Each structure stands twice: as C-alpha cells, then as structure tokens.
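Enquirer: Have a look at this fold, sequence not included:
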C-alpha cells in the first residue's frame, strides 16, 4: 500500500494536531511507513507502530496520552477490534485522531473500495462510526475537521472555505474519564465501555453485567482504587472465554452474568479451574472420578441448584481435599435423607441433598462440615425435612 500526500497537507496537519495536543503528550502514532507525524508533535516518549502491528503487540492499558492514526485508516480490515485496542491503550481523557486525505492508499483490497466511492462528508461519518461501534459511550465529543479549511493564529482556530483541491480531514474523539461516585449513569456507561473493550464480552452480555458491577465500582471509587477494577474485568474476560461457547437456550444470558459475577472473585486463571467450569457446563466429557458421580447424584435437581453447585465447586476448586470428597459427601447425604424420609421421590431427595452439600459443605468455613450436616439431618423429623425441602423449592 502506498500513499502520496502533499507537503502542504502534512504542514497543515501538523499545525492542527499541535493546536490540540500538548507538547508533553506521550503519543502513539499508528500509520503507514511513508508518513511519520510524531517527530513534530508530542514528547520524546512518543512511539510509532504500523497499523498492522497494533493488534499483535502487547501494550499496557492506559499507556498513551493521545493517539494519531496518521494514514491508512482505509486499510483497517476489522475496525471494531482495532478501535477497541486503541481505546484500551489510550488514557482516560486522552484523544484519538483519525487522519485521512483526498487520495486514499492505492492497491485497495475489496474491503476498502467503499472509501473510493464516498464523498468527504461520508468518509467523516464512517470514521466517526468506527468510534461509535467499537466502544460506544466510551468515546465522547466525536468531531470532524477539514484541516485545510481552518486557520490557527494566536492559539485561536477559525474556519473558512479553502479553494485548494487537496483535502485533509481529522476525526477526533475523547476517551471517557473516570466517573464520580454520585453519577450512577456515568458509572454504568464507564463499566459498559470497559466491558466493551474486552474480546469475549458480547453486546448481549452488556445488557446484564454492568448492573451487577455498579456497587463494586462505587466502592472502588470511594477507596480511590478504580484502577483495580481492571483485574475484575480481566477475570470476567477469561470466564466469558468459556461462557461464549454456550448456546443461550442452555443457559440464558442473565444467568450467565449471575454465574460469572458469582465466581469472579475466586477466579485464578488456573487451567484446572477453567477445565472444571467447562466440564460443569457440559463443554467437556465428565471424568469418572469427580464429575460423573456428581452429575449422576444431581441429575434430577433444578437448573438453579445445578448452577449453585457449579459455583460452589469452581470457587473451592483449589481446596483439593474438599473437592475430592464431594461425591462421597453428596452420596452419604442423599442416602441419609432417603432413610429418614421413606416416601421421598428421587428428584426431591437429590434437591435436598444438593442444598445441604452447597450450603453446609461447599460454603461452610467450619471444620468437619460433613459430620455436622449428617448429625443435623439425623436429628430432624420426617416433617422437618419435608419443610426444608419445600423451602428449597420456593
């Protein structure tokens, strides 16, 4: 891909960008080999990458004050993923500046030919849509400038109409800054923006996850520790790497969000924990030592009970002694319930056994949890256990 731009256009572009970007700004320039802007703009910490290098390079979040796409926006094959990454590496309050010219790059691929048939106004709209459809409300103040139509004197910008046949356009947007604790709408939009930048979070997931993160985010703002939200979001990205393989008719999106938020604090990225989640969701064949007996002993329970059990297992996965003993614990609890309530059917017996296993074994912090629950069940009358069963079903 090659591009030819006049010296006048480059000079006008430099003047425009210098007006908006501080000289101390750490800038990431993304573009083509033929054009480099940052030598005239920004601090010595500025850096240039080719457009093709952005998605394959590991760059820390919030690394750059401003970003300039100096040329070649027409050649971006997947704008949504590209601008998600741009948003991620840009600091809150920083700007992204998409530059394009009258003559786009030559040797266009099929996916780029729309840029050769559109008017300049339509191209500005397309560039602006790249912001909107990547992170949505994570971008603010999207504005387009015809650089050759503006005059900058005494730090003031005025606009006229150039008679020049050349054209240089900049479409600029600002990354949303951190919200204040009393602005719940801004907090929700801030969460949505951050979630939207994650590769495994789909648009439907954004309907349910942000509301579950609001209280946590408020607490982090109060503690001036909002940066630690990134770790929670990173864990959610890992969890949704598994959940995205599910069909929604198996586990609906609202339940997926509840499940994810219930295990995120104990998520460790450990491959065996990921495998446990996959197997518990039916994405892997159950092993005969743990998952097969657990599956058989809870086969007739409700979906709610199965999800609760899965949450307990995943959150306790590092406690190998507890996890290894769970199939035996479930079996002993189930047999005792059947011996105490002779007329109980298999569905109800498994439901009650699962409830005891979850609340008194998996979630218990006290020692000898199995012995305690067995003693408790032994002391209950037939009627008491049936009342506990009714409570489980409510």
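Expert: Looks like it arrived, so ask away. What you see is a predicted model, and the numbers here were worked out from it, not measured in a lab.
Enquirer: need the contact list for residue 307.
Expert: 251, 255, 258-259 (Cβ atoms under 8 Å, 6 or more residues apart in numbering). Bear in mind the C-beta positions are built from the backbone N, C-alpha and C, glycine included.
Enquirer: In helices, which of those residues fall?
Expert: Counting by DSSP state H, these place 255, 258-259 in helices.
Enquirer: Can you tell me how far residue 270 is from residue 264?
Expert: 14 Å (Cβ to Cβ, to the nearest Å).
Enquirer: Which of the two has more residues huddled nearby?
Expert: residue 264 (20 against 11; other Cβ atoms under 10 Å).
Enquirer: I'd guess the more buried one is in a strand, am I close?
Expert: No - counting by DSSP: H, G, I helix; E, B strand; the rest coil, residue 264 is not part of a strand but helix.
Enquirer: related to what we said a few turns ago, among the ones in helices among the contacts of residue 307, which one has the most neighbours?
Expert: Counting neighbours by other Cβ under 10 Å, residue 259 comes out on top of the ones in helices among the contacts of residue 307 with 21 neighbours.
Enquirer: With adjacent residues omitted, what lies nearest to that residue?
Expert: residue 307 (6.0 Å; Cβ to Cβ, 6 or more residues apart in numbering).
Enquirer: buried ones in the one helix or strand that neighbour maps to?
Expert: Using DSSP states H and E, residue 307 sits in helix 303-315. Buried positions in helix 303-315, judged by neighbour count with 16 or more other Cβ atoms under 10 Å: 305-315.
Enquirer: what's the answer for stretch 197-214, then?
Expert: Applying 16+ other Cβ under 10 Å to stretch 197-214 flags 197-198, 201, 205-206, 208-210, 212-213 as buried.
Enquirer: And stretch 253-269, by the same measure?
Expert: Quick answer for stretch 253-269 (16+ other Cβ under 10 Å): 253, 255-264, 267.
Enquirer: Can you tell me how far the residue nearest to residue 259 is from residue 281?
Expert: Counting by Cβ to Cβ, the gap from residue 307 to residue 281 is 10 Å.
Enquirer: Do you have the strands of this protein handy? List them.
Expert: With DSSP state E as the definition, the chain shows strands at residue ranges 27-31, 47-50, 64-69, 90-101, 139-146, 150-153, 156-159, 168-175.
Enquirer: mean pLDDT for those: which is lowest?
Expert: Among those, strand 156-159 carries the lowest mean pLDDT, at a mean of 54.
Enquirer: Return every residue with contacts to both of residue 307 and residue 281.
Expert: What both residue 307 and residue 281 touch, as defined by Cβ under 8 Å, 6+ apart, is the set residue 251.
Enquirer: what pLDDT does the residue nearest to residue 198 when sequence neighbours are not counted get?
Expert: Leaving aside its sequence neighbours, residue 198 sits nearest to residue 237 (Cβ to Cβ, 6+ apart; 4.3 Å). Per-residue pLDDT puts residue 237 at 93.
Enquirer: What are the neighbouring residues in contact with residue 237?
Expert: 198-201.
Enquirer: wait, doesn't residue 324 sit right on residue 293?
Expert: No - contact criterion Cβ atoms under 8 Å: residue 324 and residue 293 do not qualify, at 11.4 Å.
Enquirer: More neighbours: which of these two?
Expert: Set residue 324 next to residue 293 and count neighbours by other Cβ under 10 Å: residue 293 wins out with 17 against 11.
Enquirer: Can you read off the pLDDT for that one?
Expert: At residue 293, pLDDT is 94.
Enquirer: State the distance from the closest residue to it other than its chain neighbours to residue 369.
Expert: Distance criterion Cβ to Cβ, 6+ apart; nearest residue to residue 293, sequence neighbours excluded, is residue 327 at 4.0 Å. Residue 327 sits 15 Å away from residue 369, going by Cβ to Cβ.
Enquirer: Likewise for residue 316?
Expert: Residue 316 is 11 Å from residue 369, by Cβ to Cβ.
Enquirer: Next: residue 31.
Expert: Taking Cβ to Cβ, one finds residue 31 at 61 Å from residue 369.
Enquirer: same check, this time on residue 175
Expert: From residue 175 over to residue 369 (counting by Cβ to Cβ), the distance is 48 Å.
Enquirer: Look at those two and report which has more neighbours.
Expert: Neighbour count, other Cβ under 10 Å: between residue 175 and residue 369, residue 175 has more, with 24 against 20.
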